Structure formats: C-alpha cells, structure tokens
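K.L.:
Sequence and predicted structure are below.
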Amino acid sequence: MATTNFQTVDEYIASFPKDTQVALEKVRQTIKDAAPDAQEKISYQMPTFTLAGTLVYFAGFKNHIGMYRNSGALETFKEELAPYIGAKSSLRFPLDKPLPVSLIHKVVKFRVKENLENAKKV
C-alpha cells in the first residue's frame with residue numbers, strides 16, 4: 001500500500017490487492033450491520049466508525065486485518081478473542097483464514113453499548 005492521504009474508506013480499500021479488498025469490505029459491512037447509526041470516516045489514515053465517540057478502527061496489512069479500540073470487549077470475550085489478540089488491545093484477523101464475522105459483529109455491538117453508556121455519563 002502506497003502512503004496516501006486517504007479521503008474516503010472506498011479510496012483506502014481500493015489501495016489494497018483484490019483479496020484484501022474483499023476481506024476489508026466484509027469487515028466494513030459487518031461493522032455497518034452491527035452499528036447502523038455509526039458514521040464512517042478516515043482517521044489516522046484508517047477506516048474509522050464513530051458513534052458517541054470513536055467506535056472502532058480497522059486496517060489492512062500484508063497478512064492480516066487489524067481492528068482497534070477493543071479493550072473492554074477483549075476482557076468480555078477473552079476466550080473467543082484469544083486467537084486474534086494483538087498488541088495494545090488490537091485484534092488481528094489473518095487473511096489466510098476465514099474472517100470471524102459473528103465475533104466481529106459481537107465486538108462492535110459491545111463497543112456501541114460501551115460508547116453510548118459512556119456518553120450518558122458525560
């Protein structure tokens with residue numbers, strides 16, 4: 001992926017090889033399904049979904065797709081997420097394995113609930 005100043009998530013995804021694009025689109029759609037009211041944007045040069053604050057980021061890499069802002073979900077779904085846990089509360093989904101779509105959906109639903117509860121406290 002060339003270093004670019006991405007303006008849209010479509011632009012970001014289009015910068016990857018075809019097979020990675022398919023996986024990124026699947027992650028994107030799973031997030032949209034789990035958080036239909038979330039807004040999509042580019043932040044830190046990554047696709048980002050926001051709803052009462054940052055919900056999740058995701059990014060493509062050579063061998064995996066990363067998903068970020070999962071700390072509370074990591075604790076809640078520790079055993080299910082164990083094979084995917086990366087550094088600093090990130091999740092890594094290897095491109096050579098099927099995407100755990102239902103697990104991604106569950107994490108995003110959890111993050112929606114977490115963000116909405118935190119917004120009420122402010």
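P.N.:
Right, received. Where do you want to start?
K.L.:
Can you list the neighbours in contact with stretch 13-24?
P.N.:
1-2, 4, 6, 12, 25, 28, 47, 58, 60, 65, 93, 95, 99 (C-beta atoms under 8 Å, 6 or more residues apart in numbering). Every C-beta, even on glycine, is put in place using the N, C-alpha and C of the backbone.
K.L.:
now swap in stretch 77-95 and tell me
P.N.:
19-20, 23, 27, 63-71, 73-74, 99-100, 103-104, 106-107, 110.
K.L.:
on that earlier part again, narrow the contacts of stretch 13-24 to just the buried residues.
P.N.:
Neighbour counting by 16 or more other C-beta atoms under 10 Å classes F6, Y12, R28, P47, F58, G60, I65, F93, L95, L99 among the contacts of stretch 13-24 as buried.
K.L.:
Then the last one would be within a strand, right?
P.N.:
No: using DSSP: H, G, I helix; E, B strand; the rest coil, the assignment for L99 is coil, not a strand.
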